[in-house]
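S.K.: after the sequence you'll find the predicted model.
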Amino acid sequence: MTSPRLSPLGELTRRALNDETLEPLSTSEEEAWLEFLTERRLVPELSALPARKALSMEAQTRLAIERGRVEVLGRRRRAAVERVGAALHAEGVVAQLYKGEAVVRLTHGELGRRPMSDLDLVVLPEQVAPAEAALTTAGFRRTGHDTALHTVWRLETGGVDGGEGLCLELHLDLFPPPHPFDLQVGRFFERGVEAGVPGLQLPGLVDAFLLQSFHLILFEQDGAKTWPTLRDLALLSRRLVDERGEEGVAELCDEADRRGLGALARSTWTLAGVAGAPAWPKAVAPRAAPWRRALALRLSNGELVRGLAEDGTPRPRRLTRRFSAALWHERSLTSARALVRGVLGTSSERSLGGTASRVGRHALALLRARR
């Protein structure tokens with residue numbers, strides 16, 4: 001996949017995220033760009049980069065205020081992480097940080113640069129009960145908004161350091177079951193690294209990159225999160241190359257290909273290149289993907305590239321995650337059954353409309369793929 005065509009404001013953002021020198025902007029350009037960055041949740045990240053100097057002092061102040069707000073929320077989140085880790089450790093449980101908090105700790109580590117709304121933890125099946133007991137000890141209470149994928153908890157104690165209103169998702173699996181991926185949770189724990197907090201670990205760089213890639217291409221339905229996730233992937237890949245060079249890239253290729261996801265990993269590596277990731281090595285030849293997986297990747301990539309080419313308010317992606325995942329199954333019969341379940345819908349997709357609405361979205365996506 002070639003690098004996507006960016007919108008004018010997107011190209012400006014790409015250059016800024018790469019710390020390239022920018023010419024001072026006019027008042028109208030500056031206002032349009034700030035709105036673009038705000039809608040795509042990139043204001044705190046840009047405020048930490050040298051490219052902010054292209055903006056007026058008034059605009060830089062706006063960036064600094066937003067970064068400060070995100071940093072306050074980050075301190076609350078970190079205090080909650082420490083509390084949860086201590087409670088897990090006391091119960092003899094090791095959980096793995098997942099998604100945003102894990103990415104930040106694996107890359108720049110700065111609290112004020114990446115907004116996120118909650119904490120995500122993964123636990124092994126046999127440790128679910130003691131993990132839930134630990135969350136109760138740490139001041140969290142079950143919300144009743146559980147899914148087949150995770151239980152949802154809310155921190156009840158207040159105060160700046162307590163993290164009033166903070167939500168935590170305790171993941172029992174990495175993606176909504178039944179998913180077609182060879183992703184054993186235990187393997188991720190075997191390759192995990194220290195998080196600096198007793199009771200918690202981080203995924204390895206390769207695992208973190210693959211998991212963020214899966215979410216971006218196949219499961220992330222919020223168009224406003226595309227750019228921050230691309231930034232995550234770029235930072236993860238930069239660190240992977242800096243720390244492990246060709247050896248690290250080769251491991252990423254092997255892990256992706258072993259799961260039949262080589263094309264997916266290469267695609268997201270290329271997409272992340274719009275935010276400064278190194279190019280995927282041409283010497284590594286991807287394995288051919290079954291046509292259904294190739295179609296799912298083409299549909300998802302098409303939506304992402306269209307989103308990157310737009311300067312307006314980011315729209316939700318039209319594909320449901322169950323449709324994409326159904327196409328990804330290796331066996332035709334399994335894929336057909338999963339497609340039927342996706343069309344009929346589940347409780348987790350009620351917000352996406354009824355059966356007719358889902359069929360219409362899927363049909364439209366298929367028509368776009370033929371263009």
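M.R.: Received it, and whenever you're ready, just let me know what you need.

S.K.: which stretches of the protein form helices?
M.R.: For the chain, applying DSSP state H gives helices covering 8-17, 27-39, 43-47, 57-90, 100-106, 128-137, 185-190, 205-214, 226-258, 262-272, 291-308, 321-328, 332-344, 355-369.

S.K.: which one is residue 105 nearest to, not counting chain neighbours?
M.R.: Using CB to CB, 6 or more residues apart in numbering and skipping residues adjacent in sequence, the residue nearest residue 105 is residue 202, 5.8 Å away. To be clear about C-beta, it is placed using only N, CA and C from the backbone, and glycine gets the same treatment.

S.K.: oh, I was asking about residue 127
M.R.: The spatial neighbour of residue 127 that comes closest, neighbours along the chain excluded (CB to CB, 6+ apart), is residue 93 at 4.9 Å.

S.K.: just checking, the one you found touches residue 131?
M.R.: Yes - between residue 93 and residue 131 there is a contact at 5.0 Å, judged by CB atoms under 8 Å.

S.K.: what sits in contact with each of the two?
M.R.: residue 123 (CB atoms under 8 Å, 6 or more residues apart in numbering).

S.K.: next, count neighbours for the residue nearest to residue 38 when sequence neighbours are not counted.
M.R.: Nearest residue to residue 38 in three dimensions, chain neighbours excluded: residue 66, at 7.8 Å (CB to CB, 6+ apart). Residue 66 sits with 20 neighbouring residues when counted by other CB atoms under 10 Å.

S.K.: give the contact list for residue 66.
M.R.: Contacts of residue 66 by CB under 8 Å, 6+ apart are 38, 43-44, 47.

S.K.: point out where this structure drops to low pLDDT.
M.R.: Within the chain, the stretches with pLDDT under 70 are 1-3, 157-164, 176-182, 282-289, 320-322, 342-359, 361-362, 364-371.

S.K.: hmm, back to that, out of the contacts of residue 66, which are buried?
M.R.: Buried subset of these (neighbour count, 16 or more other CB atoms under 10 Å): 43-44, 47.

S.K.: ok, those vs residue 240, which is closest?
M.R.: Nearest to residue 240 among the buried ones among the contacts of residue 66 is residue 44, at 23.5 Å by CB to CB.

S.K.: the closest residue to residue 60 other than its chain neighbours and residue 263: what is the separation?
M.R.: Nearest residue to residue 60 in three dimensions, chain neighbours excluded: residue 52, at 5.7 Å (CB to CB, 6+ apart). Distance, residue 52 to residue 263, using CB to CB, to the nearest Å: 36 Å.

S.K.: who has more neighbours out of those two?
M.R.: Using other CB under 10 Å as the criterion, residue 52 and residue 263 rank with residue 263 on top: 22 against 17.

S.K.: my read: that one touches residue 298, true?
M.R.: No - Residue 263 is not in contact with residue 298 according to CB under 8 Å; the separation is 9.8 Å.

S.K.: quick one, phi/psi of residue 195?
M.R.: Backbone geometry at residue 195, expressed as degrees, to the nearest 10, gives phi -100, psi -10.

S.K.: what residues are bridge-paired with the nearest residue to it once chain neighbours are set aside?
M.R.: Nearest non-adjacent residue to residue 195, counting by CB to CB, 6+ apart: residue 202, 4.8 Å away. Listed beta-bridge partners, residue 202: residue 193 (assigned using DSSP bridges).

S.K.: and residue 202, how many neighbours?
M.R.: When neighbours are defined as other CB under 10 Å, residue 202 has 21 of them.

S.K.: kindly report the same for the one 3 residues further on.
M.R.: By the other CB under 10 Å criterion, the neighbourhood of residue 205 contains 22 residues.

S.K.: pretty sure it contacts residue 239?
M.R.: Yes - contact criterion CB under 8 Å: residue 205 and residue 239 qualify, at 6.2 Å.

S.K.: find the residues that touch each one of these two.
M.R.: Common neighbours of residue 205 and residue 239 are listed as residue 106 (criterion: CB under 8 Å, 6+ apart).

S.K.: just to revisit the earlier point, out of the helices of the chain, the one nearest residue 113 is which?
M.R.: helix 43-47 (4.9 Å).

S.K.: mind saving the C-alpha coords of that closest one as PDB?
M.R.: Extracted as PDB, the C-alpha positions of helix 43-47 are listed here (Å, rounded to 0.1, in the frame of the first residue of the first chain):
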ATOM      1  CA  VAL A  43      -3.500  19.500  20.500                       C
ATOM      2  CA  PRO A  44      -1.500  18.200  23.600                       C
ATOM      3  CA  GLU A  45       1.000  16.300  21.400                       C
ATOM      4  CA  LEU A  46       1.700  19.200  19.100                       C
ATOM      5  CA  SER A  47       2.200  21.500  22.100                       C
END
